[in-house]
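Novice: From the sequence below, what's the structure:
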Amino acid sequence: MTTETTPPQGEKLQKILAGAGLGSRREMERWISEGRISVNGEQASLGDRASAEDKIAVDGRPVKLETYASGIRRVIAYNKPEGEICSRHDPEGRPTVFDKLPRLQGERWIAIGRLDINTSGLMLFTTDGELASRLMHPSYQVEREYAVRVMGNTTEQKVKNLFDGVELEDGPARFTDIVDSGGSGINRWFHVCLLEGRNREVRRLWESQDLTVSRLKRVRFANVIIPDHLRMGQWEEVEKTHIDELAAAVQLSPAPNTPTRRVDPRHTKTGLKTRGTRGKPAINKKRPSPHKKPGAFKKNRHR
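Specialist: Alright, predicted model coming up:
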């Protein structure tokens, strides 16, 4: 005799909360474990499922699920200045990357990765916690590209070591691409690429070769390249086609709806740059500036 099993109803609760823009899926799992989430008046547990019709609350406050139900997925690009931290609030009163972002109703911006206080450049923010979780997860191997100024005796052997891989305190690490972008004396610029986002990984890799990073700027995340016109402290909405490319890179379906394109009111130029998928880079000649034309690698240059 065959017993039919009723399939589970609804989505996992942490996925709904992430889709509603409250945070990453991992953060939502922590909130559930801490007893902060209730569904239809009952305290939720990990593994619970729900739907957009359920009454979900965080710390007793109802969660608006319009964004989750609508399927709208927004992503903005922000040019982070040095001196800003990636926390929402700082006890020391330092500026944060969230201070200048556009205000949202019933949801919040989720940072896709972090940059340390002394690193500038491209940061992506989204209202889709599932997209953020996947883009940050090392298993999806999403490329990050940086322009880095290194001070010290930069030999071919040291660069080869960084390409082949070195052992850091939290495990092996390597640059998947390294391009010499010029410089003079003991200061040289490079463009480097990583497939993960560990804390201070770019700096620690160079430090393993007794070299000091004096400037560091992220210029690309996945297919999104920081636009030349996007000044420090300004943001720009990423177009749906590029958002869908980001989603496809981490095995998510395209969003059904298109958000309204918005631009930081402090500038009027538009046209966020993108590049192809990993393994199919645009090959350019040696770059005259370390801050422009990212995404052009000579593959396996130091192999």
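Novice: what are the phi and psi angles of Trp235?
Specialist: The phi/psi pair for Trp235 (degrees, to the nearest 10) reads phi -130, psi 160.
Novice: which ones are touching the residue found closest to Arg134 once you drop the neighbours it is linked to in the chain?
Specialist: Nearest non-adjacent residue to Arg134, counting by C-beta to C-beta, 6 or more residues apart in numbering: Val250, 3.6 Å away. All C-beta spots, glycine's among them, are computed from the backbone N, C-alpha and C. Residues in contact with Val250 (C-beta atoms under 8 Å, 6 or more residues apart in numbering) are 131, 134-135, 137, 140, 142.
Novice: Tell me the buried residues within those.
Specialist: 131, 134-135, 137, 142 (16 or more other C-beta atoms under 10 Å).
Novice: State the pLDDT value of Met84.
Specialist: Check again: residue 84 is Glu, not Met. Here, the pLDDT recorded for Glu84 equals 94.
Novice: can I assume it is in contact with Thr96?
Specialist: Yes - the pair Glu84 / Thr96 is scored as a contact, 6.0 Å apart, by C-beta atoms under 8 Å.
Novice: okay, how far is it across stretch 255-265, tip to tip?
Specialist: End-to-end distance of stretch 255-265: 26 Å, with C-alpha to C-alpha, to the nearest Å as the criterion.
Novice: now stretch 30-50
Specialist: Note: stretch 30-50 ends 17 Å apart using C-alpha to C-alpha.
Novice: Show me what counts as buried in it.
Specialist: Residues of stretch 30-50 classed as buried by neighbour count (16+ other C-beta under 10 Å): 31-32, 37-39, 44, 48, 50.
Novice: now do stretch 209-229
Specialist: Buried residues in stretch 209-229 (16+ other C-beta under 10 Å): 209, 211, 213, 215-227.
Novice: go on, stretch 116-130?
Specialist: For stretch 116-130, a neighbour-count test (16+ other C-beta under 10 Å) marks 119-130 as buried.
Novice: sorry, back to before: now intersect the buried residues of stretch 30-50 with the helices, please.
Specialist: Counting by DSSP state H, those place 31-32 in helices.
Novice: will you turn the buried residues of stretch 30-50 into a markdown table that also has distance to Pro254 and pLDDT?
Specialist: Output for the buried residues of stretch 30-50, formatted as a markdown table (distance: C-beta to C-beta, whole Å; pLDDT from 0 to 100):
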| residue | distance to Pro254 | pLDDT |
| --- | --- | --- |
| Trp31 | 28 | 92 |
| Ile32 | 28 | 93 |
| Ile37 | 29 | 92 |
| Ser38 | 32 | 92 |
| Val39 | 29 | 92 |
| Ala44 | 29 | 92 |
| Asp48 | 28 | 90 |
| Ala50 | 24 | 87 |
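Novice: mind listing the helices in the stretch 51-200 of the chain by residue range?
Specialist: Ranges of helices in the stretch 51-200 of the chain, per DSSP state H, counting those that start in this stretch, are 66-70, 129-136, 156-164.
Novice: could I get those as TSV with distance to Ala57 and mean pLDDT?
Specialist: Listed next are these as TSV, based on distance: least, C-beta to C-beta, whole Å; pLDDT from 0 to 100:
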stretch	distance to Ala57	mean pLDDT
helix 66-70	15	65
helix 129-136	17	88
helix 156-164	49	94
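Novice: low-scoring pLDDT stretches of the stretch 151-300 of the chain, where are they?
Specialist: For the stretch 151-300 of the chain, the stretches with pLDDT under 70 are 257-261, 267-300.
Novice: Name whatever forms a beta bridge with Gly182.
Specialist: Counting by DSSP bridges, Gly182 is bridged to Trp189.
Novice: I appreciate the help and will end here.
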